[in-house]
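Trainee: Predicted model and sequence follow; I will ask about them next.
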Protein chains: 4
Amino acid sequence: MTGNAIRIGILGASGYTGAELLRLLLRHPAAEIRLLTAERQAGKDMAEVFPQLAGQGLPRLIKIEEADFSALDMVFCALPHGTTQEVIAALPGDLKVVDLSADFRLADTATYARWYGREHQAPELQKEAVYGLTELAREAVGKARLVANPGCYPTPCQLALVPLIEAGAIEPDQIVIDAKSGVTGAGRGLKEASLYAEVGEGIHAYALAGHRHAPEIEQGLSAAAGRPVTVNFTPHLMPMNRGILETIYVKLAHGGEAGGLREILARRYAEEPFVTLLPEGAAPATRHVRGTNLCQLAVFPDRRPGHAVLVGVEDNLVKGASGQAVQNMNLMTEQPETAGLDQLALFP
Amino acid sequence: MTGNAIRIGILGASGYTGAELLRLLLRHPAAEIRLLTAERQAGKDMAEVFPQLAGQGLPRLIKIEEADFSALDMVFCALPHGTTQEVIAALPGDLKVVDLSADFRLADTATYARWYGREHQAPELQKEAVYGLTELAREAVGKARLVANPGCYPTPCQLALVPLIEAGAIEPDQIVIDAKSGVTGAGRGLKEASLYAEVGEGIHAYALAGHRHAPEIEQGLSAAAGRPVTVNFTPHLMPMNRGILETIYVKLAHGGEAGGLREILARRYAEEPFVTLLPEGAAPATRHVRGTNLCQLAVFPDRRPGHAVLVGVEDNLVKGASGQAVQNMNLMTEQPETAGLDQLALFP
Amino acid sequence: MTGNAIRIGILGASGYTGAELLRLLLRHPAAEIRLLTAERQAGKDMAEVFPQLAGQGLPRLIKIEEADFSALDMVFCALPHGTTQEVIAALPGDLKVVDLSADFRLADTATYARWYGREHQAPELQKEAVYGLTELAREAVGKARLVANPGCYPTPCQLALVPLIEAGAIEPDQIVIDAKSGVTGAGRGLKEASLYAEVGEGIHAYALAGHRHAPEIEQGLSAAAGRPVTVNFTPHLMPMNRGILETIYVKLAHGGEAGGLREILARRYAEEPFVTLLPEGAAPATRHVRGTNLCQLAVFPDRRPGHAVLVGVEDNLVKGASGQAVQNMNLMTEQPETAGLDQLALFP
Amino acid sequence: MTGNAIRIGILGASGYTGAELLRLLLRHPAAEIRLLTAERQAGKDMAEVFPQLAGQGLPRLIKIEEADFSALDMVFCALPHGTTQEVIAALPGDLKVVDLSADFRLADTATYARWYGREHQAPELQKEAVYGLTELAREAVGKARLVANPGCYPTPCQLALVPLIEAGAIEPDQIVIDAKSGVTGAGRGLKEASLYAEVGEGIHAYALAGHRHAPEIEQGLSAAAGRPVTVNFTPHLMPMNRGILETIYVKLAHGGEAGGLREILARRYAEEPFVTLLPEGAAPATRHVRGTNLCQLAVFPDRRPGHAVLVGVEDNLVKGASGQAVQNMNLMTEQPETAGLDQLALFP
């Protein structure tokens, strides 16, 4: 690695998004992993925590308080929600940060407090943070010091809906987002609901009263609509490791047709390397984006006149988390946006 | 088995619904399996086709043309769609029949022809057939000679929606049914889309242009509404053997509330042994009905004012097929409706 | 339920073996559930812990110290290893007990101490306890007050091997037991290794240095051989909820052949309702015993002369745990041995 | 791609090994895909057969008889067993070929005829073919025109056993290979046994009378031993897409110890990029090599004195098929051996 390498630290490297960052960054042409922290696992070799990363010459896991940030260019923060604000606030002010937690995603302090049950501890940083849904905020991300990486669920639906709302092609108040997710979205923490035997051979809806990704989605759609928007967002947990599929039901504005939505999305994403509109009639499948940074979208007519159905898929650990984080890093460090992100899907 | 036993034949016994009928009927207090047919597997012992049924004293598989129907009281028809009409038309006229195919589900001949691409071959029988969604047609089923057993997808959503439409509590034209199904719903036929490696670790929507269960659902909802109703029905295939979960998005009529829907369903199903409304806040999971004849329903508020979310689950091979068929047989033969259907869920 | 009902308590009812006991006992013709304990979940309704058991009229979960044992005939103990000895020692001396933990399985106190790292706290009870591998200890179980229910892994291999060793047909020192298990064998406790994402889409061997079921297996095989026997027992964890398959590699004694082993097992298990020797050439599959109390065995020639391969399958939660426990209860209470255990396999 | 690119054709590109070759070769620094054939799918765009490969600029699928081989440097043959011999015999004599079928793996014509039930149709080519287990035949592969790529099962066990047999450290006649495989090993063909519902939530052993990979394994071990060797090889099918784990039970020669085996393997594979001996006590898991060309090995003591246990894992589609094929291509075309094969495991 040359002197032009990006010197990187990962805070909270022992979870699934941490491991996925490492999978991507270890093959990134300009990344150099210098620092890995993990509170409970501090002192361990990465091979003990993730045997698949043995032999990659990674630094040993340490505690955050042992970290020397002076020799880093960039930090990825993959810590649990709520603990991240203070950590980032204490970092050197010129260090670039991509935060994969939810802590800086909601621009409005009151909304944050309502959904997370506590006052925000770093409101100034919250103002500074750029919400890093890359394709919709490329320029701002390129100039940002602190990027709030979007949640896994909010990524495909915002990519699908924001251009349609901006174009006035759909009714913002008549949106249903029915989401199906694999288990890694819940992280590596020990919860009964994440045990194999509680997930295998079954499916259920959860958080029906309100999932914390709902205000994040609504923030983006409201900005597109120029007024407050409320959506239905209903997540389901299903037996697979990776992948999110969102089936989105919309009402067309002004007597539009599904084909019109297709055209808007086709135009918007024609040049995008990571967002693909499938050919008419083709249905996205999570397995076709497994391990990639792709979000695939499709538009279908609804049998109900005046409505349409959108389908979006992503790998929740890549475009839904670590891959988009690397994409943002690339912009923040003037790398080619696709650097380190050219994986093809692992199918089957 | 006494002289009062119900003497039963199963046509098409080598598929998954055939096996499931046998699982249930072999433990039914009054059932006696006398005849099993399977065209390609004719001549084989059931243990070769389904080893788990070895040692149960079942008759050998024969071809339909070899069958002697004179000594039977009841026939279950688990043949592929399209081939069933002629077979049933050729049966003795006093033989009771529960047909698990789609051939007699649609009362309107023109609708049948449109969705199945051929004229119906037994229109007189189609008129005679009773659509056997048991809880909604108990009396008619009890008097029927030929029952068209409902499709797997149409069962939970009609149980959830028909009472609400009848009560005028929801807008019939604003219904979205987002369905997630295990693989056995596609049967035991050899299709690339049913291979393990095409299903494992993934999810996709299919039949987005229109699934054949859509007109079946609409037939029931239209009858409830007293006018033609069109719904959105979007099925998804996911990696599990059994189970269907339907998330249903509805618009409330007359400024109603989700709680009102709860009350209607609670009243309607209070005495039903196989349809359960879950306590407020509890979310149904397919694993809680695995192997049972139960359909569990729940109602939730939607974040969008004036809307609500319904969730329904069933085991697609039991309440969605063979279990409901046995329930119908019980009514047709004056058995207790729950006979042979008291299994508890196999969890995990 | 009549006055002749068996009044039953289950200690530790919130785990998977507890739930499985309830699934079986709620449909048992003579069982009456009177008492359920669970330390951390005490105070809850069973429907909160296992929603699939809602509406069954079960008593509320309490702590053991709140339990009144005077009105019970039988207790099932499904507590964690190590905590069970004191609990059982404190029970009324005339209460019948089936213990599903490992605490009373090893007759030798020194062996227990070596493998479990502590002195046995109830050595007198350990002497009294009968090891309840039903088919091999039917008479003793029938007279026992305290039965140590066998481990999941030790059940199929002992059923396969004990008759062969007793007949002198195989070399007791040349046995390899390669076992593959679903996840419920690890219980409902929160362990990283039991998370869906750590188990799905993979397989690994574990406890290669020595699993605690090894001495239990060796205890049975040594008794059969009349001298100490050491075996290789290598368990693997694989992505399924239920089921154990054991592939057992043996060396034939005296120039015997695989066919000879078949004959011995055929004779031994000819009349057994729950142990089946498959027809020659048929290979057992866990899915064919799912949800049942069956153990299926098969014998195959080995390509190496003088050797043979045995295959055994069971549902680890039924014949490997709760089903065998009910089978033992039936013997201890003079019920028909098969009462409550006639389920057919849930396939697929 | 420059004039130095390797111009590649893939015969039989519509199966899983074909798709996996494309996943690897599309990211290979020197590969250029020029030709894709698939008999039944001829005329289709690759995106119809494998949507995850859309947009990669691949040629359309054609029939073999339409192929122009003159502009190719290298052909991968991923055709079904039995059909390959004539196809390869008809290719231009200077075209380099890696054959992924079994047709050229067995050097002995009589053995081939016995296991495959027909005479070999290209015995001269069979003599020419080099068996391409790369680490054990690097030099010969480098000079070969026609490489028979090893079977998925024979790869890990030969990598583990050949060095031990060559060193005289184990008894060649006392080897048991208990193999567990994911479903892709059975290919994309339509077989009832490959349906999701026949594989999910279960495991079974198959081909107990003799699997065609047994003579392939024995061929390699016999060469190492310098005399004919017969082994037990017992494969199992389990519910995952990718991965093979082999648990290998061996008898030590001359009073050796497991540690001695470790040393032999450590020495042999110290410099190998794709074969790793895990640290003492660490157990290989298929998920740690998913998507990679790695074979991981480990050695453990057996509780039976004088024996040891080896464990090997691979991704059956990579090191067990397409990855090793690319590795062989690299040697045959004087590319760096690791070119295009540096993927890290996709975990979870």
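Mentor: Cool, got the structure.
Trainee: three-state assignment of A:Lys127?
Mentor: Assigned with DSSP: H, G, I helix; E, B strand; the rest coil, A:Lys127 falls in the helix class.
Trainee: tell me the contacts of the closest residue to it other than its chain neighbours?
Mentor: Once flanking residues are discounted, A:Lys127 sits nearest to A:Ala107: 7.5 Å by Cβ to Cβ, 6 or more residues apart in numbering or on different chains. Every C-beta, even on glycine, is put in place using the N, C-alpha and C of the backbone. Neighbouring residues of A:Ala107 by Cβ atoms under 8 Å, 6 or more residues apart in numbering or on different chains: A:126-127, A:129, A:131, A:219.
Trainee: Pull the most distant pair out of those.
Mentor: Spatial extent of those (Cβ to Cβ) is set by the pair A:Lys127 and A:Gln219 at 14.1 Å.
Trainee: what about those two, which has more around it?
Mentor: Ranked by neighbour count (other Cβ atoms under 10 Å in any protein chain shown), A:Lys127 and A:Gln219 place A:Gln219 first, with 20 against 10.
Trainee: ok, which stretches of chain A are helices?
Mentor: Applying DSSP state H to chain A gives helices spanning A:16-25, A:46-49, A:84-89, A:109-116, A:123-128, A:138-143, A:154-166, A:196-199, A:213-225, A:258-269, A:323-332.
Trainee: Format these as JSON lines; extra columns: distance to D:Gly260.
Mentor: Shown next, in JSON lines, are the helices of chain A (distance: least, Cβ to Cβ, whole Å):
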{"stretch": "helix A:16-25", "distance to D:Gly260": "35"}
{"stretch": "helix A:46-49", "distance to D:Gly260": "25"}
{"stretch": "helix A:84-89", "distance to D:Gly260": "49"}
{"stretch": "helix A:109-116", "distance to D:Gly260": "58"}
{"stretch": "helix A:123-128", "distance to D:Gly260": "59"}
{"stretch": "helix A:138-143", "distance to D:Gly260": "57"}
{"stretch": "helix A:154-166", "distance to D:Gly260": "53"}
{"stretch": "helix A:196-199", "distance to D:Gly260": "37"}
{"stretch": "helix A:213-225", "distance to D:Gly260": "56"}
{"stretch": "helix A:258-269", "distance to D:Gly260": "60"}
{"stretch": "helix A:323-332", "distance to D:Gly260": "45"}
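Trainee: Let's have the ones you listed in CSV, adding mean pLDDT and distance to C:Gly93.
Mentor: Formatted as CSV, the helices of chain A follow (pLDDT from 0 to 100; distance: least, Cβ to Cβ, whole Å):
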stretch, mean pLDDT, distance to C:Gly93
helix A:16-25, 98, 52
helix A:46-49, 93, 49
helix A:84-89, 94, 58
helix A:109-116, 94, 55
helix A:123-128, 94, 66
helix A:138-143, 98, 73
helix A:154-166, 98, 62
helix A:196-199, 98, 36
helix A:213-225, 98, 58
helix A:258-269, 97, 75
helix A:323-332, 98, 64
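Trainee: Quick one: closest of the ones you listed to C:Val275.
Mentor: Closest approach to C:Val275 among these (Cβ to Cβ): helix A:196-199, 26.2 Å.
Trainee: what helices or strands is the closest one leaning on?
Mentor: Packing partners of helix A:196-199 (3 or more Cβ pairs under 8 Å, 6 or more residues apart in numbering or on different chains; DSSP states H and E): helix C:196-199.
Trainee: Just the residues contacting the helix it packs on, thanks.
Mentor: By Cβ under 8 Å, 6+ apart, the residues outside helix C:196-199 that reach it are A:16, A:183-184, A:188, A:194-196, A:198-200, A:239, A:241, C:183, C:192-193, C:237-239, D:348.
Trainee: Would you mind listing the residues in contact with the closest residue to A:Val130 other than its chain neighbours?
Mentor: Nearest residue to A:Val130, sequence neighbours excluded (Cβ to Cβ, 6+ apart): A:Ala144, at 3.9 Å. By Cβ under 8 Å, 6+ apart, the residues touching A:Ala144 are A:96, A:129-130, A:132, A:332.
Trainee: Can you report how many residues lie near whichever residue of the stretch 51-200 of chain A sits closest to chain D?
Mentor: Closest approach of the stretch 51-200 of chain A to chain D (Cβ to the nearest Cβ) occurs at A:Gln52, with a separation of 3.8 Å. Applying other Cβ under 10 Å, we find 25 residues neighbouring A:Gln52.
Trainee: now the one 4 residues further on
Mentor: Residues contacting A:Gln56 under the criterion other Cβ under 10 Å number 14.
Trainee: try A:Gly255
Mentor: For A:Gly255, the neighbour count with other Cβ under 10 Å is 8.
Trainee: Could you measure from A:Glu314 over to chain D?
Mentor: Relative to chain D, A:Glu314 is positioned 13 Å away (Cβ to the nearest Cβ, to the nearest Å).
Trainee: so the residue of the stretch 51-200 of chain A closest to chain D touches D:Asp315, yeah?
Mentor: No - judged on Cβ atoms under 8 Å, A:Gln52 makes no contact with D:Asp315 at a distance of 11.5 Å.
Trainee: can you count the residues close to A:Pro92?
Mentor: Residues lying near A:Pro92 (other Cβ under 10 Å) number 10.
Trainee: A:Val183 too?
Mentor: A:Val183 is flanked by 29 other residues according to other Cβ under 10 Å.
Trainee: In space, what's closest to A:Gln158 - neighbours in sequence excluded?
Mentor: Leaving out its chain neighbours, the residue that sits closest to A:Gln158 by Cβ to Cβ, 6+ apart is A:Gly220, at 4.5 Å.
Trainee: Would you mind listing the residues in contact with that neighbour?
Mentor: Contacts for A:Gly220 (Cβ under 8 Å, 6+ apart) come out as A:131, A:133, A:136, A:154, A:158, A:161-162.
Trainee: The stretch 151-300 of chain A: strands as residue ranges?
Mentor: A:176-181, A:204-205, A:232-237, A:244-251, A:275-277, A:295-301 (DSSP state E, counting those that start in this stretch).
Trainee: Redo those strands as CSV? Include mean neighbour count and distance to chain B.
Mentor: Converted to CSV, these look like this (neighbours: other Cβ atoms under 10 Å in any protein chain shown; distance: least, Cβ to the nearest Cβ, whole Å):
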stretch, mean neighbour count, distance to chain B
strand A:176-181, 26, 4
strand A:204-205, 24, 4
strand A:232-237, 23, 5
strand A:244-251, 25, 5
strand A:275-277, 23, 15
strand A:295-301, 24, 4
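Trainee: nearest to chain D, of these?
Mentor: Of all the strands of the stretch 151-300 of chain A, it is strand A:275-277 that lies closest to chain D, at 7.2 Å by Cβ to the nearest Cβ.
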